[in-house]
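Novice: Just the structure for this:
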Amino acid sequence: MCFVPELHEQRRAISPTPRPTGINPGTWKYVKDKLLTVPEAAERLNTSERFIRRIINERRIRFVRVGRHVRIAESTLDAFVGAGVVEPVLFRRTRAGR
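Specialist: Numbering: from 1, shown residues only. Here you go, the predicted structure:
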């Protein structure tokens, strides 16, 4: 297969919205979401910054690196909280012997 400049230009014109280079397509949706810093995420969960850094270090939550900085998307934080929800178990009271 040889390189044809005309076809290359046509494909370039047809391509969808250009994305920044160096971003994994799987993380693209998090770029559109508001990215929270570690202190903002800790405040939102009413926990310490240390807890947020620990779950990042343990890879229990998805995060985005922006250079040396770590950010967490709002939707990821909401999903993390939603995954920890425990539904109540309702017991029916019965009389003894019945």
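
Novice: In this protein, what helix or strand scores lowest on average pLDDT?
Specialist: When each helix and strand of the chain is scored by mean pLDDT, DSSP states H and E, helix 5-14 comes last, with a mean of 58.

Novice: What residues of the longest strand along the chain count as buried?
Specialist: Identified as the longest strand of the chain according to DSSP state E is strand 69-73. Neighbour counts over strand 69-73 (16 or more other Cβ atoms under 10 Å) mark V70, R71, I72, A73 as buried. Where C-beta positions appear, they are placed from N, C-alpha and C, glycine not excepted.

Novice: Closest one of these to R50?
Specialist: Using Cβ to Cβ, V70 is the member of these that sits closest to R50, with 13.5 Å.

Novice: Can you name the residues that contact that closest one?
Specialist: V38, I56, F63, V64 (Cβ atoms under 8 Å, 6 or more residues apart in numbering).

Novice: From D78, how far off is it?
Specialist: The gap separating V70 from D78 is 18 Å, by Cβ to Cβ, to the nearest Å.

Novice: one step back: quick one: strands adjacent to the longest strand of the chain?
Specialist: strand 35-36 (antiparallel), strand 64-66 (antiparallel) (DSSP bridges).

Novice: Any chance of a markdown table for the ones you listed, columns mean pLDDT, mean neighbour count and distance to V85?
Specialist: Formatted as a markdown table, the strands paired with strand 69-73 follow (pLDDT from 0 to 100; neighbours: other Cβ atoms under 10 Å; distance: least, Cβ to Cβ, whole Å):
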| stretch | mean pLDDT | mean neighbour count | distance to V85 |
| --- | --- | --- | --- |
| strand 35-36 | 94 | 20 | 20 |
| strand 64-66 | 91 | 12 | 24 |
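
Novice: Can you lay out the ones you listed as JSON lines showing distance to R95?
Specialist: What follows is these, written out as JSON lines (distance: least, Cβ to Cβ, whole Å):
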{"stretch": "strand 35-36", "distance to R95": "52"}
{"stretch": "strand 64-66", "distance to R95": "57"}
